[in-house]
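**Student:** Fold the following and give me the result.
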Amino acid sequence: MNDLATTVFVVDDELSVRQALVRLLRLARLNVAAFSSAEAFLECYDPGTPGCLVLDLAMPGLNGLELQEALTGRGSSLPIIFLTGHGDLPSGVMAMKRGAVDFLTKPADANDLIETVRGAIEKDRVTRQTRAELTEIQRRFATLTPREHEVLCQVVCGKLNKQIAADLGTTEKTIKVHRARVMEKAKVGSLAELVMLAQRARILPCQPT
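**Tutor:** Here you go, the predicted structure:
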């Protein structure tokens, strides 16, 4: 996991709103970084920083939905909580469809906002952990030789060593060696673990004959 401090990013063009949000979030013992515009946020944002974004919907320049779209275009999965003083339901629906965590109207209830922020931070933590685990699994499988990868695909298909040997035109003893190396490189102790990791890495099984 990234060791950078979890941060709640606040983007709102109204100074009084920003200051109120910063005070509230810091009272909840959360690290906060506030910005007066979407453009200013984009200039400073590091995707490696865990946390969430509390975002105003209507702003001059890039508005909230446009910032959401820009982040999506950059491959960011930063959870977004929208705030609006306009009660713009269609925009709220659009934001949620695009993956926003929640859509709150100003002035948001303090307890509701803190609870939503904590939920968004947890969602980000789980997403980052899952991504890191998948990267590690893919790294392990990338160390396989082409033949070991073939054996892996056959194993995932549920074939026995004898069947795999016949399919690949080699001996059962050789397949046992390849299979042991696959297990070692994947760092697993059982066939069930190997199959589970292969499924997470989307390793395709052999085609049925």
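
**Student:** Show me which helix runs longest in the chain.
**Tutor:** If you go by DSSP state H, the chain has its longest helix at helix 110-142.

**Student:** With just CA atoms, put the following helix or strand past it into PDB.
**Tutor:** Remark: after helix 110-142, the chain's next helix or strand is helix 146-156, criterion DSSP states H and E. Listed next in PDB are the C-alpha coordinates belonging to helix 146-156 (Å, rounded to 0.1, in the frame of the first residue of the first chain):
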ATOM      1  CA  PRO A 146       5.800 -20.100 -22.300                       C
ATOM      2  CA  ARG A 147       5.600 -23.800 -21.500                       C
ATOM      3  CA  GLU A 148       4.800 -23.300 -17.900                       C
ATOM      4  CA  HIS A 149       2.100 -20.900 -18.900                       C
ATOM      5  CA  GLU A 150       0.600 -23.600 -21.200                       C
ATOM      6  CA  VAL A 151       0.700 -26.000 -18.300                       C
ATOM      7  CA  LEU A 152      -1.000 -23.500 -16.000                       C
ATOM      8  CA  CYS A 153      -3.800 -23.000 -18.500                       C
ATOM      9  CA  GLN A 154      -4.300 -26.800 -18.700                       C
ATOM     10  CA  VAL A 155      -4.300 -27.100 -14.900                       C
ATOM     11  CA  VAL A 156      -6.900 -24.300 -14.600                       C
END
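
**Student:** List the buried residues of the helix or strand just after helix 146-156.
**Tutor:** For helix 146-156, the following helix or strand on the C-terminal side (DSSP H and E) is helix 161-168. Buried residues in helix 161-168, counted by 16 or more other CB atoms under 10 Å: 161, 163, 164, 165, 167. Bear in mind the C-beta positions are built from the backbone N, C-alpha and C, glycine included.

**Student:** any idea how far the residue nearest to the second one when sequence neighbours are not counted lies from residue 118?
**Tutor:** Once its chain neighbours are removed from consideration, residue 163 has its nearest residue in residue 154; the separation is 7.6 Å (CB to CB, 6 or more residues apart in numbering). When distances are taken as CB to CB, to the nearest Å, residue 154 and residue 118 turn out to be 46 Å apart.
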